[in-house]
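In: coordinates for the following, if possible.
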Amino acid sequence: MALAGSLLASAAACSGPPPGQASLRPTLELRQVDGGQVAYEQGQPVPTFDPQPRTRIDLTGAWRFQEAALDDTLTFADRDGGVKRALTAEAGPRLQAAYDDSSWSQLDVPGTFSPPPVSRATGGWYRYRFPVSSTWGTPGLLEFQSVGYVADVWLNGHYLGYHEGGWTPFALDATGALLAGALNTLVVRVDDPAWGTRLDIVPWGLADWWNYGGITGPVSIVGMPSLSVVRADVTPHLDGADVSVVLQNRGETRDQLTLLTEVLPTAVDAGNVADPDPRHLVPAAAGPVASQVQSLDPMPAGDVRRVSAPFVIRRADLWSPQRPALYVLHAAVIGQNGIGDEIYEPFGLRQIRVDGAAPRLLLNGVPVAFHGVALHDERSGPSEAGRPAGGPATDIADAFDTLMRARAVGADFVRTGHNPADPQLLTLADRLGFGVWEEIPLYHYTPETFQIATDRGIAQQLLAEMVLRDMDHPSVLFHGLANESTGGPERASALGALRDLDRHLDGTRLTGQAAYGSDTADDTSADLDVAGFTLYFGVFYGGPLDAATIAGALERLHARYPHKPLMVLEFGRWADSPAEEPEQSRVFEVTYGQLSQRLDTLPSGYVGSAVWWTLDDYWTQRPGIQVEHFGLYRPDGSTRPVGALVTQAYQSDAGPSQRPPAARVVSGGVGVGAAPRPGTSRQLAGLVAYAVALPVLVLAGLVALLVRWPSRRRTAAAAR
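Out: Purely as a prediction, here's the structure:
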């Protein structure tokens, strides 16, 4: 069924949008299949977007780009047959392999067509030509990690589909359009309307960061075996996990199938911490901690199935910032000819919840208060003329440097700006030990724009895509649903719908928003797990910057939510010049001085996090400002005076929780009910041999039986 009603409204469920409002439908839906619900997009089950041991064509690099003023009426129209034809007509000869695009500019993908400080490009056309081996013979998925904001895609002149929403991934079926043994032509139309020009996009208004339009994430074509493991989702517990594996059969009917799922231990250190291949986290010759083999019913052609494979582990190593222990789930579907497909997904066992007896956070049953910094998905260095480098962060080395700067100031927690995080940053947060608050960009929403976004279903789609992409990242502890928004019942209703969707898809993270701390009567967090606020007393609002003002506000917020931890998700001040740095430092000293007395790890405490805004300076599109200088670090990498204060305070209050990146973290445990097993490779080889040999043995038995059958008939006749 479609994600509609109380979970994800769609344009189809409405009577029709008002004039001028988008009729473009969300592309994500839930369908009921054998074994449960599965998320689909563009007619295909949503895959894992983590690197897997499959044939892959990397499409990153220099593409051709032609800036163009695109027709927004077409961009936001429902993709019926007439609109698809109109879009194809707009593309015109650009779709032809022989089209000459040599006069177009070259742009890096991933990258942006709207870099700071002056670019105001809002759309255009991308082209890329690439060879495909003549030996290519599998179905192919064209995967985009992120495109801002609406993408329409053609491969070799075939329209594959569209996607709306930046920062989250999508995949299109390229099987019928891909040409083996030839040059292929990929064309992408990208429209990124300027913020503040429409009410029906997300975010809708002028935001305090830079809008990077274009193909902002990696692109690739992934070979999917006809019998494939689409994804594997892990729901962690303290003594094991529930595992859901999605299988798809694109070929002929398959029988005599088995599913192997096994949990592998890891050893993470400086040598493999940034390695994208999870197999390299598993020590050589390590055996599985737990494993099981399930026989599957035959899968007819076109079948999609969800299989449950839970496990229990004694003496499991739990994930936390202090000791970020990880495991790797290996899932393999095996048929008569051996392994049909396999994937590897890293995960961690952990539990984040609110204490039922006090307003405090419990991580793995232990009280915790986080000391954090806020980030933006943007390259900070190398700086130029005292300004950040700018552009989307695309290199894992950038993410590693960011988290090392966060660690240097004593942070164990990051808020990833106002949008879904760079997945590379989450991978490193898992391995280095950082808690994460990530959110969808419902930024400065109003009653009207909340209604539009939820009626269209785009807010729900962004949340669902974020949840599905990041399901197996243990570092993600919180899902933020809005930032500094207004409206009472309208906001509460939208937040409630998003919370329900989050719990339906996941349920292992705590939900919240970042509300204005100045509105101590705001009750729209009542149905969320935590009460999140931004705290700018003496900076943007609330009278003088002094201890009494901040203490009074915190006590009133606590009185409003006596049973919820308060998550302070922003506090800070800019320092546009050295002369303003003392005031920036004073904001930290006075504000954090009150927060530190109320951390929820203290008796009668209730503050679950303190997050300084921000770790680095960043580009903004706010009128009259190019760069926001809130950073603990200047763009050249030097620290402002406030950085030393943050370091001293965080390290003093957080305790000895920061590990050096070279420290080795290993995981282990014993699977309950699992017999001792040989090494992974031997076990898998044995299972494959069994799967291949079984049909041969069965056939041999049938042949022998048929050979003996006539003589048995003659013997029976003689006896009569």
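
In: hey, let's count contacts and neighbours off CA atoms from now on
Out: Noted.

In: pull the helix or strand with minimum mean pLDDT from this structure.
Out: helix 680-719 (a mean of 38; mean pLDDT, DSSP states H and E).

In: now do the SS call for the residue nearest to A309 when sequence neighbours are not counted.
Out: Nearest residue to A309, sequence neighbours excluded (C-alpha to C-alpha, 6 or more residues apart in numbering): V243, at 5.0 Å. Classification of V243 using DSSP: H, G, I helix; E, B strand; the rest coil returns strand.

In: V243 contacts P310, doesn't it?
Out: Yes: counting by C-alpha atoms under 8 Å, V243 does reach P310; the two are 5.1 Å apart.

In: before we move on, back to that, what sits against the residue nearest to A309?
Out: Applying C-alpha atoms under 8 Å, 6 or more residues apart in numbering, one finds that V243 lies in contact with 232-235, 308-311.

In: let's see that with 6 Å instead.
Out: Applying C-alpha atoms under 6 Å, 6 or more residues apart in numbering to V243 gives the contacts 233-234, 308-310.

In: G532 too?
Out: G532 sits next to 512-514, 566-568 when contact means C-alpha under 6 Å, 6+ apart.

In: show the backbone phi and psi for T48.
Out: Here is the backbone geometry of T48 (degrees, to the nearest 10): phi -70, psi 140.

In: spatially nearest residue to it (excluding sequence neighbours)?
Out: The shortest distance from T48 to any residue other than its chain neighbours is 4.9 Å, reached at R231 (C-alpha to C-alpha, 6+ apart).

In: any weak-confidence spans in this structure?
Out: In the predicted model, the chain carries pLDDT under 70 at residues 1-17, 19, 655-662, 673-720.

In: rewinding a little: distance to T534, secondary structure and neighbour count for the contacts of G532 - can I get that in JSON lines?
Out: Conversion of the contacts of G532 to JSON lines gives the following (distance: C-alpha to C-alpha, whole Å; DSSP: H, G, I helix; E, B strand; the rest coil; neighbours: other C-alpha atoms under 10 Å):
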{"residue": "G512", "distance to T534": "12", "secondary structure": "strand", "neighbour count": "28"}
{"residue": "Q513", "distance to T534": "10", "secondary structure": "strand", "neighbour count": "27"}
{"residue": "A514", "distance to T534": "6", "secondary structure": "strand", "neighbour count": "25"}
{"residue": "L566", "distance to T534": "10", "secondary structure": "strand", "neighbour count": "28"}
{"residue": "M567", "distance to T534": "9", "secondary structure": "strand", "neighbour count": "24"}
{"residue": "V568", "distance to T534": "6", "secondary structure": "strand", "neighbour count": "25"}
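
In: picking that back up, the residue nearest to T48 - how many residues pack around it?
Out: 23 (other C-alpha atoms under 10 Å).

In: so what does whatever helix or strand it lives in touch, helix or strand wise?
Out: Assigned by DSSP states H and E, R231 belongs to strand 227-237. Using 3 or more C-alpha pairs under 6 Å, 6 or more residues apart in numbering; DSSP states H and E as the contact criterion, the elements in contact with strand 227-237 are strand 240-249, strand 338-347.

In: between those, which gets nearest to E589?
Out: Closest to E589 of the helices and strands packed on strand 227-237, according to C-alpha to C-alpha: strand 338-347, at 37.5 Å.

In: gap between the strand holding R231 and the chain center?
Out: 15 Å (C-alpha atoms, centre = their mean, to the nearest Å).

In: quick check: neighbours of it in the sheet, parallel or antiparallel?
Out: Note on strand 227-237: by DSSP bridges, its sheet partners are strand 240-249 (antiparallel).

In: report the backbone C-alpha coordinates of the partner strand in CSV.
Out: Once side chains and other backbone atoms are set aside, the C-alpha atoms of strand 240-249 remain, and they are given as CSV (Å, rounded to 0.1, in the frame of the first residue of the first chain):
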residue,chain,number,x,y,z
GLY,A,240,21.0,-9.3,19.9
ALA,A,241,18.9,-7.9,17.1
ASP,A,242,16.0,-8.3,14.8
VAL,A,243,17.1,-8.6,11.2
SER,A,244,15.0,-8.1,8.2
VAL,A,245,16.3,-9.2,4.8
VAL,A,246,14.6,-8.2,1.5
LEU,A,247,15.1,-10.5,-1.4
GLN,A,248,14.1,-10.0,-5.1
ASN,A,249,13.9,-12.4,-8.0
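
In: quick check: the residue nearest to T48 touching D50?
Out: No: under the contact definition of C-alpha atoms under 6 Å, R231 does not touch D50, with a separation of 9.5 Å.

In: overlap of the contact sets of these two?
Out: Counting by C-alpha under 6 Å, 6+ apart, no residue touches both R231 and D50.

In: of the helices and strands packed on strand 227-237, flag the one that's most buried.
Out: Per-stretch averages of neighbours, counted by mean count of other C-alpha atoms under 10 Å, single out strand 338-347 among these, with a mean of 22.

In: and the next element down the chain from that one?
Out: Next element after strand 338-347 (DSSP H and E): strand 352-354.

In: and that following strand, what does it pack against?
Out: On a contact count with 3+ C-alpha pairs under 6 Å, 6+ apart, strand 352-354 meets strand 361-363.

In: off-centre distance for the strand it packs on?
Out: On the basis of C-alpha atoms, centre = their mean, strand 361-363 sits 22 Å off its chain's mean C-alpha point.

In: in stretch 315-322, what counts as buried?
Out: The neighbour-count check on stretch 315-322 (16 or more other C-alpha atoms under 10 Å) flags 316-321 as buried.

In: how long is that stretch end to end?
Out: Taking C-alpha to C-alpha, to the nearest Å, the span from the opening residue of stretch 315-322 to its closing residue is 17 Å.

In: stretch 264-278 now?
Out: Using C-alpha to C-alpha, one end of stretch 264-278 lies 10 Å from the other.

In: give me the contact list for that stretch.
Out: Contact with stretch 264-278 is made by 281-282, 288-289, 327-328, 661-668, as judged by C-alpha under 6 Å, 6+ apart.

In: and if we set it to 7 Å?
Out: Stretch 264-278 has contacts (C-alpha atoms under 7 Å, 6 or more residues apart in numbering) with 51, 280-283, 287-289, 326-329, 344-346, 428, 431, 661-668.

In: helix, strand or coil: sort out S518 for me.
Out: Secondary structure state of S518, per three-state DSSP, is coil.

In: which residue packs closest to it, ignoring adjacent ones?
Out: Excluding the flanking residues, the one nearest S518 by C-alpha to C-alpha, 6+ apart is G542, at 6.3 Å.

In: buried sites along stretch 22-36?
Out: Across stretch 22-36, burial judged by 16+ other C-alpha under 10 Å covers 22-30.

In: can you list the domain ranges for the protein.
Out: Taking automatic domain parsing as the criterion, the chain consists of the domains 55-223, 227-350, 691-720.

In: now distance to E583 too, for those domains, in JSON lines please.
Out: Rendered in JSON lines, the data for the domains of the chain read as follows (distance: least, C-alpha to C-alpha, whole Å):
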{"stretch": "domain 55-223", "distance to E583": "21"}
{"stretch": "domain 227-350", "distance to E583": "32"}
{"stretch": "domain 691-720", "distance to E583": "70"}
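
In: just the CA atoms of stretch 122-139, as CSV, please.
Out: Listed in CSV are the C-alpha atoms of stretch 122-139, where the atom choice follows Å, rounded to 0.1, in the frame of the first residue of the first chain:
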residue,chain,number,x,y,z
THR,A,122,18.9,27.4,-10.3
GLY,A,123,19.1,24.6,-12.8
GLY,A,124,20.4,23.1,-16.0
TRP,A,125,21.3,20.0,-17.9
TYR,A,126,24.0,17.4,-17.1
ARG,A,127,25.4,15.0,-19.7
TYR,A,128,27.9,12.1,-19.2
ARG,A,129,29.1,9.4,-21.7
PHE,A,130,30.5,6.2,-20.4
PRO,A,131,31.4,2.8,-21.8
VAL,A,132,29.8,-0.5,-20.6
SER,A,133,31.7,-3.8,-21.0
SER,A,134,30.3,-6.2,-23.6
THR,A,135,30.3,-8.8,-20.8
TRP,A,136,27.7,-6.9,-18.7
GLY,A,137,24.7,-9.1,-18.4
THR,A,138,22.9,-8.3,-15.1
PRO,A,139,20.1,-5.9,-14.3
